[in-house]
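Visitor: here is my input; please provide its structure:
(2 chains)
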Amino acid sequence: MRALALALAWILLAGLAAPVAAQSQRMPVPAFWFAGTQLIFARADRVDDEIAVAASDPGFRRFLARVGATLSWVPGSRYVIVTTADRRTLTFTLGVPEFQSGAGNEQIPLHAYIDGNDVYLPFLTLARALYVKPVLRGDEYVLEPQIGALDARVDGRRTIVALHGAVPLQFTTATNSSEQLSLVFHGTASTLERARWMAMPGLGRIDVSVSGDVRNPSTTITFQVPPGAARALLVPTNPDEIVLAFAPKDVALGSDATPLPPASTVVATVAQPPAPPASPVPENSAPRIIAAAPPTFAPSPAPPVEPLAPLASPSGTPFAQSSPVASFVSAVNVENPAPDALLIHIVTSPGLSFEWHRLGIDRFYIDFTGATLSFEPQSAVPGVTFVQSYRINQLPNAPIPTVRLALTTTPNRRIDVVPDAHGLTITVADVDAGQGYLAQVGTGQTGGESVAAVPSAVPLGTPPPGAAPPAGANPRLIVIDPGHGGTDSGAVHNGLTEKILTLDIALRLRTLLEQRGWIVKMTRETDRDVYGPNASDVDELQARVDVANNAGARLFVSIHCNASTSSVPSGTTSYWYKPQDKPLAEAIQHRLIALLGTKDDGIVRERLYVVRRTTMPATLVETAFVSNPDDAARLRSPAFRQEIALGIADGIQDYAGQPAASLSEQQ
Amino acid sequence: MEAIRFPSGTHLLNLDFDGTTAIVDLSSDVDKVGGGSFDEGGMFKSLVWTLTAVHGIDAVAIRVDGSKVATLPGGHLELDEPLSRSSW
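Guide: Numbers count the residues shown, from 1 in each chain, chains lettered A, B, ... in the order given. As a prediction, this is how the structure comes out:
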C-alpha cells in the first residue's frame, strides 16, 4: 500500500496524472413507484439525500392529488402551504431549513427554494408528512402508503377512533368477536406504534402489525375490547380515513353508526380499482353484527369536503362555486412559524367571498359573507407581542349571515391575506409596514389554488405578499465578500489583479441590491485585509465568515476571479458546499451564464472555507479566469463587470424574491 | 483541458499512514498555488482521488513542511481535516 501510494503521489506531483474533471456530477433523479404506477418528475433535482421537486411538476401534482393534498403558494410569498386530506396544514418557509406540521417544528436538510419561476420543495420530507414512506430499492424509490395517524377521543359514553391513511383505505374484517375486532387494511403499511393501551370507554388496547413487502403491504389493526363491547363504523370526513366507534356493552353507539361488514367483505371508503385479493380470513368467531351495505364516503354537513383531485386543472379553480348551499367557517388554526410571524389559517367552505379592511394603524378585520360560524365564537391572545388579540364571531344583525375575524396588532404591522385550499391564511409579520400601508381594503374568494401560473418576476418595488423574515436572521441583509484584498492580491495574470476586480464587481453588486431594497454589508469596501495586514490565512477567511454570521445575514456571496497555471481553463463557476447553498449557487450560475457569454463551468461542490463556515446559504462565484486571455479581455471591460453584478443580483432575486420590506420603506 | 498541476517544485517530504488515512507532507512550494478555486480544488481533488484509489486508503490528511494547515496562503480550501472523496 505504502509503495503504491508513494508512487502515485510522486506521479501526481510531477504533473503526469490525468486531469480530474472539476465538475460535480448532476445526479439523475431516481424513478418513483406509487401504488403500482410510475411517477415521473420532469422538474426535479437530487440534492444529497433529498429530492427537490417543482410545485408545478405534473408528476408531483398527480402525487398530491392521489393523497388528497393541495398546495398553495403566491409568487413573492415566503410560505408554501400544503393542506392534507386529514386537514392538517404543513408550512414550508423559503430559505429556512425547517418545516412546520401539526406535530411541530422539524429541521430538514433542504429548504424550499425558488428557481426560475417555480418553487421547489423537498419531496421526501413532504411525502413522509403525507403518510407516504419512500423506500429506496436499488436505484428506485417505492412510495409505500402508510396509516400514519390514529386519533382517539371520548365522545359522551363512546370512544371514537379515526385512522388516517395516505390514500383511500380499504379493509376486510378479519375477526369480530366478543373481545376483539381485527381489521386488515390492504395496500398500506403503517407507522403507528405496535401496541397502545387505550383504557377508554369500550376500548382496551390497539395492536398493529404490518406484513407483505413494500410493493404490496398490508396492515392488521386489532382492537381488544371489554367483553361484548359495541363497535361500528362512522362516516369519515375524508376518503383517506376510517372512523370507528366503540362503547361498553349495552351502551348505544348512536344513530350515526353503521355496523361493521361481515368478514371477507372488502370495504373501500371510495370507489377503487380492483381490490387486491383478500388474505385468508380466520373465521374464529361468528360476526356479531350483520352488516348491511358497506358504508360509502359521504361528506359531513360541516365542513363540506373538497373534491379529491383539485390539482387536475392547472388554471381552473379546483372548487365549484357553492351556490345556495350553506357555507361555513369551520375552523381557525393559529401557527407561529417564526418569532416574527403569525399565520392564521381559516378553514371555510370553498368559494366563499371575503372582504378585508385595515382600520387605523392597529386594527384589521375580514368578513366572510354568506357564511355561518360552525363553532362557538372565540377570542384569544396568540402569545406573540405584535398581535395583541384576535376574535372570530357571527356578526349580529347582519342582513346576510356574516362571520368576522378581527385582529389588533402593534402599530403598522404587515398583514397579508392568501387564499389556500381549505380557505385562507392571514399572515401577520412583525415588520413595520409604514403609514402608507394603512387604510386598505381587499376582496377575494377562499379556496383557490394559485401555484399553477407563476409570473416570471415580481415587479420592482412591490413588496411580496406574506413576506416575513426567517427565524434568527436579519432577513433583508446580504453580505458581499470581495475576494482577497490588501496584502493578499489574489491571482495576478494578464495585467489584472484579482483583488481589484472583485472589489469593483462587489461595489456594483451592492448598488444593484440596495436599489432592490436589500440591506448590504461588505466584508471590505476598500483594498484592505479584512482581519488585518499579513494575518494568518485562516484568520483572514474567518473574519469574512464572522461578518456574515454575526450579522445574521440572509445570504452570503463571495466574489472571486478564477486562475490556473495554465492559460487554457476559462469560464464561470458558482461554488457551493452545504446543501442549502446549492439552490443559491444554481440561481446565480443560471443568470450569469445567460448574461455573460462565458463558458459554463457549472456549479461545483468544493470545500471552500467561507462557504462551508457560514451559517446561511452561501456561494463563492468565480466570475471568469484572469489567467485565460479571452476571459481576461472581458474582465478588463467595466460593462462586463456590470453584467456580472447584474447576473448575481438577478440570481439572488430568483432565489430569494424581494426583501421583506414595505412599499413605503422602499420609496 | 490541461492537467491541473501542483506548483512547480512541490515535492513530497513524507508519506505516513494513520489507519486508513494517508498523511501527505508537501513542501511549502505548494503555497505558490496563487490561483483560483479551480487550480486549488483540482489539485487536491486529484491527490485525494488518486491516493484513495489505493486499497486501504480512504482519506488524505495534508501537511505543509510537516505542519497542519487550515488553508493555503491566499487560498480558498479548508484543509484542516482529512479530505476524502465525500469532501466533494
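Visitor: tell me the pLDDT at the residue most central in space within chain A?
Guide: Centroid-nearest residue in chain A, with C-alpha atoms, centre = their mean: residue A:92, separated by 3.1 Å. Residue A:92 carries a pLDDT value of 88.
Visitor: against residue A:74, how distant is it?
Guide: 13 Å (C-beta to C-beta, to the nearest Å). Where C-beta positions appear, they are placed from N, C-alpha and C, glycine not excepted.
Visitor: what sits in contact with each of those two?
Guide: Residues touching both residue A:92 and residue A:74 (C-beta atoms under 8 Å, 6 or more residues apart in numbering or on different chains): none.
Visitor: residues touching residue A:503, list them.
Guide: A:482, A:485, A:524, A:525, A:526, A:527.
Visitor: number of nearby residues for the first one?
Guide: What it means is residue A:482. 30 (other C-beta atoms under 10 Å in any protein chain shown).
Visitor: next: the third one.
Guide: The burial metric for residue A:524, expressed as a neighbour count using other C-beta under 10 Å, is 22.
Visitor: measure residue A:442 to chain B for me?
Guide: From residue A:442 across to chain B, the span is 49 Å (C-beta to the nearest C-beta, to the nearest Å).
Visitor: how many neighbours does residue A:43 have?
Guide: Count around residue A:43 with other C-beta under 10 Å applied: 18.
Visitor: was I right about it contacting residue A:54?
Guide: Yes: with contact defined as C-beta atoms under 8 Å, residue A:43 reaches residue A:54; the gap is 3.6 Å.
Visitor: joint contacts of these two?
Guide: Counting by C-beta under 8 Å, 6+ apart, the residues touching both residue A:43 and residue A:54 are residue A:118.
Visitor: how many neighbours does residue 86 have?
Guide: Reading this off chain A. Taking other C-beta under 10 Å as the criterion, the count of residues near residue A:86 is 22.
Visitor: my question was about chain B, not that one.
Guide: Other residues lying near residue B:86 total 8 when counted by other C-beta under 10 Å.
Visitor: likewise for residue A:549?
Guide: Residue A:549 is flanked by 16 other residues according to other C-beta under 10 Å.
Visitor: bridged to the residue nearest to the centre of chain A, which residues?
Guide: residue A:80, residue A:99 (DSSP bridges).
Visitor: check contacts around residue 58.
Guide: Since no chain was named, I'll use chain A. The neighbours of residue A:58, taking C-beta under 8 Å, 6+ apart as the test, are residue A:42.
Visitor: could you do chain B instead?
Guide: B:20, B:21, B:52, B:84, B:85.
Visitor: quick check: the nearest residue to the second one once chain neighbours are set aside vs chain A, distance?
Guide: Put plainly, it is residue B:21. Here the nearest residue to residue B:21 in space, its sequence neighbours aside, is residue B:59; by C-beta to C-beta, 6 or more residues apart in numbering or on different chains that works out to 4.4 Å. Distance of residue B:59 to chain A, given as C-beta to the nearest C-beta: 12 Å.
Visitor: and the pLDDT at residue B:59?
Guide: Per-residue pLDDT puts residue B:59 at 92.
Visitor: with the one 3 residues further on instead?
Guide: Per-residue confidence (pLDDT) for residue B:62: 93.
Visitor: show me where pLDDT drops low in the stretch 151-300 of chain A?
Guide: Within the stretch 151-300 of chain A, the segments meeting pLDDT under 70 span A:264-265, A:267-300.
Visitor: could you redo the last one with a cut-off of 50?
Guide: By pLDDT under 50, the weakly predicted segments of the stretch 151-300 of chain A are A:270-300.
Visitor: which residue does it bring closest to chain B?
Guide: Proximity to chain B, evaluated over the stretch 151-300 of chain A using C-beta to the nearest C-beta, is greatest for residue A:214 at 27.8 Å.
Visitor: please parse chain A into its domains.
Guide: Residue ranges for the domains of chain A, per automatic domain parsing: A:31-137, A:146-268, A:327-445, A:474-656.
Visitor: can you convert these into TSV and add a column each for distance to residue B:30?
Guide: Shown next, in TSV, are the domains of chain A (distance: least, C-beta to C-beta, whole Å):
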stretch	distance to residue B:30
domain A:31-137	30
domain A:146-268	50
domain A:327-445	46
domain A:474-656	12
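Visitor: ok, which of those comes nearest residue B:11?
Guide: Proximity to residue B:11 (C-beta to C-beta) singles out domain A:474-656 among those, at 16.4 Å.
Visitor: what residues sit buried inside stretch A:512-519?
Guide: Under the neighbour-count criterion of 16 or more other C-beta atoms under 10 Å in any protein chain shown, stretch A:512-519 has A:512, A:513, A:516, A:517, A:518, A:519 buried.
Visitor: quick one: average confidence on that stretch?
Guide: Averaged across stretch A:512-519, the pLDDT comes to 89.
Visitor: what's the burial count for the residue lying closest to residue B:68 once chain neighbours are set aside?
Guide: Nearest residue to residue B:68, sequence neighbours excluded (C-beta to C-beta, 6+ apart): residue B:80, at 6.5 Å. Residues lying near residue B:80 (other C-beta under 10 Å) number 12.
Visitor: just the one 4 residues further on next, same as before
Guide: When neighbours are counted by other C-beta under 10 Å, residue B:84 registers 15.
Visitor: got the contact list for the residue nearest to it when sequence neighbours are not counted?
Guide: Once flanking residues are discounted, residue B:84 sits nearest to residue B:59: 4.3 Å by C-beta to C-beta, 6+ apart. Applying C-beta under 8 Å, 6+ apart, we find residue B:59 in contact with B:20, B:21, B:22, B:48, B:52, B:82, B:83, B:84.
Visitor: could you dump these into CSV with pLDDT and secondary structure added?
Guide: Converted to CSV, the contacts of residue B:59 look like this (pLDDT from 0 to 100; DSSP: H, G, I helix; E, B strand; the rest coil):
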residue, pLDDT, secondary structure
B:20, 90, coil
B:21, 92, strand
B:22, 93, strand
B:48, 92, helix
B:52, 90, coil
B:82, 89, coil
B:83, 91, strand
B:84, 88, coil
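Visitor: got a winner among those residues for most neighbours?
Guide: Going by other C-beta under 10 Å, residue B:22 tops the contacts of residue B:59 with 28 neighbours.
Visitor: Three-state assignment for residue A:6, please.
Guide: At residue A:6 the chain is in helix, as set by DSSP: H, G, I helix; E, B strand; the rest coil.
Visitor: my guess is it contacts residue B:15. True?
Guide: Yes: Residue A:6 is within contact range of residue B:15, at 5.3 Å (criterion: C-beta under 8 Å).
Visitor: where along chain B do the helices fall?
Guide: Assigned helices in chain B, in chain order: B:37-51 (criterion: DSSP state H).
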